[in-house]
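Novice: Mind folding the following:
(2 chains)
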Amino acid sequence: EVQLQQSGPELVKPGASVKISCKTAGYTFTENTMHWVKQSHGKSLEWIGGFNPDNGGIIYNQKFKGTATLTVDKSSNTAYMDLRSLTSEDSAVYYCAIGNWDGAMDYWGQGTSVTVSS
Amino acid sequence: DIQMTQSPSSLSASLGGKVTITCKASQDINKYIAWYQHKPGKGPRLLIHYTSTLQPGIPSRFSGSGSGRDYSFSINNLEPEDIATYSCLQYDNLYTFGGGTKLEIK
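Specialist: Next up is the predicted model:
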């Protein structure tokens, strides 16, 4: 069974950084691109970027370039997303999701809530 | 960037009834559209990909169709567990989600 287990909720101050993890199981980690998606409260989903663990290729949504950094640890089958210089606009639930054979995002994590507040 | 215009933003229907949601892309997306069901506290659930291909385990009362820029998603025989928000995703050129449709049961 494919599982994506995300790290817990975060409360961070404006200007700070946060690192969210997505630990995977039940599939071959290098065979699927890992995507990250943002959902602000009451708003629609936004694609942040995708990391190909097989070749290290990364594609970012231009909107999040400079804010988000995607990495993986193949030894632990875990993906990470660093968010820096956070503002209240970054308060949201962040999801990891893996792409299936034709590119659609298939399995999703449960989401990580990030609240930016002083 | 490709924009996805999803409508309606909310709708209410009766148990046993049918609903249809549409997504219009700003350019041809070559049928690379997926539909998701999203409930509070959980990650979105992939229902349909490549316009009309049902994910394993998804009931046949869910369906999708379309081509070019225009796509639709329908649910027949509405059941209580269908209460959720539904979103489309184009993945022909990077990834763009529609605005979401909140479904309520009358």
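
Novice: Check the offset of stretch A:32-50 from the chain's centre.
Specialist: Computed by Cα atoms, centre = their mean, to the nearest Å, the separation of stretch A:32-50 from the middle of its chain amounts to 7 Å.

Novice: swap that for stretch A:101-117, sorry
Specialist: On Cα atoms, centre = their mean, the centre of stretch A:101-117 falls 6 Å from that of its chain.

Novice: remind me which residues of the chain are low pLDDT?
Specialist: Went with chain A since none was named. Within chain A, not a single segment meets pLDDT under 70.

Novice: near chain B, which residues of it show up?
Specialist: Taking Cβ under 8 Å from any Cβ of the partner chain as the contact definition, chain A meets chain B at A:4, A:35, A:37, A:44-47, A:50, A:59, A:61-62, A:95, A:97, A:100, A:102-111. Every residue, glycine included, has its C-beta placed from N, CA and C.

Novice: are any of those buried, and which?
Specialist: Among those, those classed as buried by 16 or more other Cβ atoms under 10 Å in any protein chain shown are A:4, A:35, A:37, A:44-47, A:50, A:61, A:95, A:97, A:100, A:103-109, A:111.

Novice: Which ones among these map onto helices?
Specialist: Taking DSSP state H, every one of those sits outside helices.

Novice: Tell me which of those residues fall in strands.
Specialist: Using DSSP state E, the members of these that fall in strands are A:4, A:35, A:37, A:45-47, A:50, A:95, A:97, A:105-108.

Novice: Nearest to chain B, out of the residues you listed: which one, please.
Specialist: Proximity of those to chain B (Cβ to the nearest Cβ) peaks at A:Trp108, which lies at 2.9 Å.

Novice: Name the SS class of the residue of chain B found nearest chain A, please.
Specialist: Residue nearest to chain A within chain B (Cβ to the nearest Cβ): B:Gly43, separated by 2.9 Å. Under DSSP: H, G, I helix; E, B strand; the rest coil, B:Gly43 falls in the coil class.
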